[in-house]
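Novice: please find the sequence and the predicted model below.
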Amino acid sequence: MLKKDTYDVVIIGSGPGGLAAAVAAKKAGAEDVLVIERDTELGGILLQCIHNGFGAEIFKEDLPGPSYAQRYIDESIELGVETLLDTIVLEVTPGRKLYVSSRQHGFFEINARALVLAMGCRERTRAMIQIPGMRPAGVYTAGTAQRFVNIEGKMPGEKVVILGSGDIGMIMARRLTFEGAKVERVLEILPFLSGLNRNYVQCLQDFDIPLLFKHTVKFIHGKNRVEAVETVAVDDKWNHIPGSEEYIPCDTLLLSVGLIPENELSRQAGVELDPLTGGPYVDESRQTNVPGIFAAGNVVHVYDLADWVTLAGYEAGKGAAKFAMALRASEEVHIPVLAGNNVHHVVPQTINKRSLEDEEIELQFRVRMPVEDRVMIEVHDGKNQIARRLARYARPGEMNTITLKPKNFADVEKASSITVDVHPR
Amino acid sequence: MVEKRRLICISCPVGCELDVTLDEGKIVDVEGNSCKLGLDYAEQEIFDPRRMVASTVRVKNGFHPLVPVYTEKPIPKPKIFEVLAQLRDIELEAPIAVNDVVIENVLDTGINVIASRDMPKV
Amino acid sequence: MQEKYDYIIIGGGVVGCIIARTLSRYEGRVLLIEKEADLCMGTTAANTAIVHAGYDPLPNTLKARMNVAGNAMWDALAGELNFAFERRGDFVVAVGEEELPALDTLMLQAKKNGVPGCVILPGPEVRRREKNITPDVSGALWASTGGICDPFAVTVAAAENAVMNGAEVKLNTEFKEFIMEGDRIIGIKTNKGDFLSRWVINAAGLFSDFVMHQAGVRPEFKIRPRKGEYFVFDRADVEIDNVLFPVPSDKGKGVLVTTTVHGNTILGPNAEIIDDKENSSTTISGMEEIWAGANKLIPSLSKKYVIATFAGLRPMGNAPCKTPGVNYNADYIIEIPEEVRGFVNLGGIESPGLASSPAIAKEVVDLLKDAGEEMKVKKDYDPIRPARPRFREMSQKDRKLLVDMDPRYGRVICRCENVTEGEIIAEIHAPIPAITYDAIKRRTWLGTGRCQGGFDTPRVVDILARELGVSPLEITKRGEGSEFLFRPTKKVEN
Ligand SMILES: Cc1cc2nc3c(=O)[nH]c(=O)nc-3n(C[C@H](O)[C@H](O)[C@H](O)COP(=O)(O)OP(=O)(O)OC[C@H]3O[C@@H](n4cnc5c(N)ncnc54)[C@H](O)[C@@H]3O)c2cc1C
Ligand SMILES: Cc1cc2nc3c(=O)[nH]c(=O)nc-3n(C[C@H](O)[C@H](O)[C@H](O)COP(=O)(O)OP(=O)(O)OC[C@H]3O[C@@H](n4cnc5c(N)ncnc54)[C@H](O)[C@@H]3O)c2cc1C
Ligand code: SF4
């Protein structure tokens, strides 16, 4: 369970963006750093990217996704980053209050002095590109299939057609081949590859998987399970070329047709999104238009390499830590004034300790119950008395006061709150 | 005999297209590379093509039923499916730590297959 | 020993389920059979979800009578069964002066059909009420009794309430033929064995022609599927809060722009007659047609925000209207035919079949009474189906209370629609268990959001496998043959 209800830096998402932000925030001096992840472990999408190809920029190594993630997981744990797993953030307010929910920890609120959005992205679906046909089982986004194969160890299909030449699609073509499936074809509507050349070589070419440019899926057949797809060639304007149709029997269609930054939470928080990226507008410290809310990684714009995400995460973490420390400093100057024994309320409710250095502060209050005898009015910090005054009586109908003087400053400065009590003498 | 080969360098994400000229089975010219790694790649790819292999192996009592693994270094391309077949027969016991050796010196290549993450026990 | 019932209903769409629920009020054993792995997989699964006011059907048809009577029954139905129903009214929008006369025709028809609460609004008033509407709008018929509902919720709630009141529901059970004794039907044969019954009720939707032909009734009756396709928009991006019809044409009610009780704007349907009753595919031409139709009403729509497409088949029949003088060849059939005994025959229940369904059920009871059935109300009949918690619709405060009570409601499985593990488990163990992915989707609305199940599918497969005590490999999308997974990657068992 959580140790606090307010954190210096809260990070939503534990992919490379989130973990790098956590590490950087700690290193920049933030004390309480919390990462919230809806999955059951840290690492984000990297955990299912078991292929190598990560870390060339930062580590000068060719690492698989999980190894790459492991380094940041280990580092954040060492630095004392707190984590909440299997816990989803449902809502973020512009004032950086988070509503979170989890089976293990329940439903609760967390306040963040600074917040880093690192929710990553989601995959574009069949409906977004409006592929006509039936709606059987067997149409998956490549990332969903990747999770099935690499994490859960289950095959989502045996005879596969892949739409889209993005990296995830090509990588899945090889993965499925490795696990004994047959990839019939990869189709790309554009006249060029949308993923990396190296993935074309080592994922398709190496295994003689045909890649057809300027081709798409025209129709999905099958009532219960995919039975075939009809493919078609397109012209430069993506118009279907009649007569080029081909009927390809298969049981699975994988879609690798793009990623979209995941910004539903950002919107609720009042974060403005750039229609060109689908992610927040950010400054160089990765701060969004909402003060104290930062964003890094695929949530901002879709990256090709995890290293760039990590670097962006560092910036966001640093910025967030700076913001949080400044806020904390101002919080430390302001302390609450609490109503104690027989006191109904006190005004002002908070004071700036520094004001006491050269000014008096009058605390106004009302008592709850009448005392028709002499009473002692006392201000204390929970342990030590700071000021006191005798009064002849105390009545709820009459406002009462006690004044703090510059001479009390030394005592008040040490306090994290002060309380007004009224006791019978 | 002069022979021309078109390769795509996979040593980094740039993916330069390399035009390799061979004479009597020897590389005499490489064009299109942006760095020295490209030259090494051409040499390697023509005489001893190699690939990194990443897959999974089964785990008993693990947090997940599988742990991802990979070859520490690229292995000869023709051996890929043999390595995969070996991996298919292995079952490890959790816990496993990142970089634990899963197969030592796989198929006498001198290269180890290692785990790419921790896999805690449940 | 064969099971013996008083009433067997063939078909678990909205019509069959509301009939089952209505009959469960009376003494007698009720069985509903459905050939698919879940209720509500036929026409009721894919339609516009509108509870029509009743100005549309031709006057003096059975359809008109059922629509208007049915519409009036929805408030009580929703109140008892606890499903989402909103009477927000609907507009028939005239674009350009030339479409205005059509509104008068509809208004007249509304009067003849006895539809209350209709007015004709001038163009500027329509624009004031729906700011996104085309500037060419010239007026609209406003029908205050028009409503929207969640057809899955209605159907499942009705069936659950029937089960609560003693009815039985058998899924994956397909009617094959009747068991006859002379001219009397005494039971049915199915793929799951024979069941005897005093009455059999045909509510088989698209296949109602097959069922009645098996009874030797109306050999000339034929269902022709008429396909309608739809676009669904992301709630967050497109907000058209009204129900907007174009003026009707000879092709039917036309392409609507409308909202759902879940808050998504949807477009559709077109109307295309096809042959294959299983062919609920979306098509390029269909999608183009609805796009053009919808743009006529709302010119500012963008395909960028489409999150789903689907298609449904209307069971259009060819039964002539029985009222003399009405020339109409697609009226409903709701009858106890003379040729056989023990058979209540329904056919051609196309739109507005959803709106009409409560009246159709009442009509069935009236017919049974006419046929001499006593129809004695059960003493312990309970019309209330309690609602189950829906996390997505709750305030943060109520969510906390719910999760404190049962932590399984704290784990969110569908991130777009905020559906929790607690809700999924509750549906798997409900009176009518949801045992496929689609069944859970229809009940909880999981997987219907912008990621379209990309995130939740592996998790739901896991939960289903765990709760049903089977391997994930056995979990299906919509019944046998629609398994998600084929085999372990290695030989991993789990
Ligand atoms: C299939 C695939 C293959 C790739 N291959 C390569 C490669 O070979 N080389 C390379 O360098 N890069 C590769 N990349 C790119 C790189 O991995 C990603 O760009 C990077 O992981 C993105 O990091 P992120 O932190 O922005 O997001 P993610 O890693 O997606 O992390 C986001 C995290 O936020 C969590 N989250 C989201 N919303 C919430 C919420 N409301 N509450 C709690 N938690 C939430 C998610 O569960 C997730 O764990 C690949 C990416 C993919 C998808
Ligand atoms: C595009 C479209 C839009 C529509 N819009 C609206 C609207 O807005 N408002 C409205 O009121 N109506 C609308 N309708 C009409 C409405 O959807 C139908 O009238 C209604 O759903 C019919 O319900 P049903 O129960 O009769 O049929 P179905 O839902 O089709 O149920 C019949 C069931 O019987 C089962 N079955 C069939 N044969 C057998 C067998 N041999 N054994 C066992 N089971 C069998 C089927 O599997 C099916 O589940 C629309 C229809 C369409 C297609
Ligand atoms: S030649 Fe150099 S820059 Fe080009 S792909 Fe190879 S390693 Fe990268």
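Specialist: That came through, no problem. Ligands and ions are numbered 1, 2, ... in the order given.
Novice: so where's the chain shaky on pLDDT?
Specialist: Assuming you mean chain A. Residue ranges of chain A with pLDDT under 70: A:1.
Novice: next up, phi/psi of whatever residue of it ends up closest to ligand 2, please.
Specialist: Proximity of chain A to ligand 2 (Cβ to the nearest ligand atom) peaks at A:Lys223, 12.3 Å away. C-beta coordinates here come from the backbone N, C-alpha and C atoms, glycine included. When read as degrees, to the nearest 10, the backbone of A:Lys223 gives phi -80, psi -50.
Novice: check the gap between it and A:Pro136 for me.
Specialist: From A:Lys223 over to A:Pro136 the distance is 6 Å, taken as Cβ to Cβ, to the nearest Å.
Novice: also C:Leu58?
Specialist: Distance, C:Leu58 to A:Pro136, by Cβ to Cβ: 38 Å.
Novice: between these two, who's got more neighbours?
Specialist: Between C:Leu58 and A:Pro136, counted using other Cβ atoms under 10 Å in any protein chain shown, the more crowded position is A:Pro136 (21 against 17).
Novice: so what's A:Tyr99 up against?
Specialist: A:Val89, A:Leu90, A:Glu91, A:Val92, A:Phe107, A:Phe108, A:Glu109, C:Gln396, C:Arg399 (Cβ atoms under 8 Å, 6 or more residues apart in numbering or on different chains).
Novice: let's see 7 Å
Specialist: Residues in contact with A:Tyr99, defined by Cβ atoms under 7 Å, 6 or more residues apart in numbering or on different chains, are A:Leu90, A:Glu91, A:Glu109, C:Gln396.
Novice: next one: A:Val23
Specialist: Taking Cβ under 7 Å, 6+ apart, we find A:Val23 in contact with A:Tyr72, A:Glu75, A:Ser76, A:Leu79, A:Gly317.
Novice: so the first one is in which element?
Specialist: In other words, A:Tyr72. Under the criterion of DSSP states H and E, A:Tyr72 resides in helix A:65-78.
Novice: the contacts of A:Val23, buried ones only, as a PyMOL selection?
Specialist: To isolate the buried members of the contacts of A:Val23 in PyMOL, using 16 or more other Cβ atoms under 10 Å in any protein chain shown:
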select buried, chain A and resi 72+75+76+317
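Novice: dump the contacts of A:Val23 to CSV, plus distance to A:Ile293.
Specialist: Listed next are these as CSV, based on distance: Cβ to Cβ, whole Å:
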residue, distance to A:Ile293
A:Tyr72, 22
A:Glu75, 24
A:Ser76, 21
A:Leu79, 22
A:Gly317, 13
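Novice: coming back round to it: check which helices and strands the helix holding A:Tyr72 sits against.
Specialist: Secondary-structure packing of helix A:65-78 (3 or more Cβ pairs under 7 Å, 6 or more residues apart in numbering or on different chains; DSSP states H and E): helix A:16-27.
Novice: can the helix it packs on be found next to ligand 1?
Specialist: Yes - residues of helix A:16-27 are located near ligand 1 by Cβ under 6 Å from any ligand atom, namely A:Pro16, A:Gly17, A:Gly18.
Novice: re earlier: the next helix-or-strand element following the helix holding A:Tyr72 - contacts with which helices or strands?
Specialist: For helix A:65-78, the following helix or strand on the C-terminal side (DSSP H and E) is strand A:82-84. With contacts taken as 3+ Cβ pairs under 7 Å, 6+ apart, strand A:82-84 sits against strand A:33-36.
Novice: residues in contact with the residue of chain A closest to ligand 2?
Specialist: A:Met134, A:Pro136, C:Glu278.
Novice: count the neighbours of the first one for me.
Specialist: So that's A:Met134. Counted with other Cβ under 10 Å, A:Met134 comes out at 20.
Novice: ok, and the closest non-adjacent residue to it?
Specialist: Using Cβ to Cβ, 6 or more residues apart in numbering or on different chains and skipping residues adjacent in sequence, the residue nearest A:Met134 is C:Ser281, 4.6 Å away.
Novice: now do the one you found against C:Asn47, distance only.
Specialist: Separation of C:Ser281 from C:Asn47 (Cβ to Cβ) stands at 16 Å.
Novice: residues near the nearest residue to C:Gly147 once chain neighbours are set aside, how many?
Specialist: Once flanking residues are discounted, C:Gly147 sits nearest to C:Val51: 3.7 Å by Cβ to Cβ, 6+ apart. Burial measure for C:Val51: 31 neighbouring residues, criterion other Cβ under 10 Å.
Novice: right, and C:Val51 touches C:Trp74 too?
Specialist: Yes - C:Val51 lies in contact with C:Trp74 (Cβ atoms under 7 Å); the separation is 5.3 Å.
Novice: what touches both of the two?
Specialist: Counting by Cβ under 7 Å, 6+ apart, the common neighbours of C:Val51 and C:Trp74 are C:Gly147.
Novice: got a list of what B:Arg117 touches?
Specialist: Neighbours of B:Arg117 in contact, by Cβ under 7 Å, 6+ apart: A:Pro66, A:Ser67, A:Gln70, B:Val67, B:Pro68, B:Val98.
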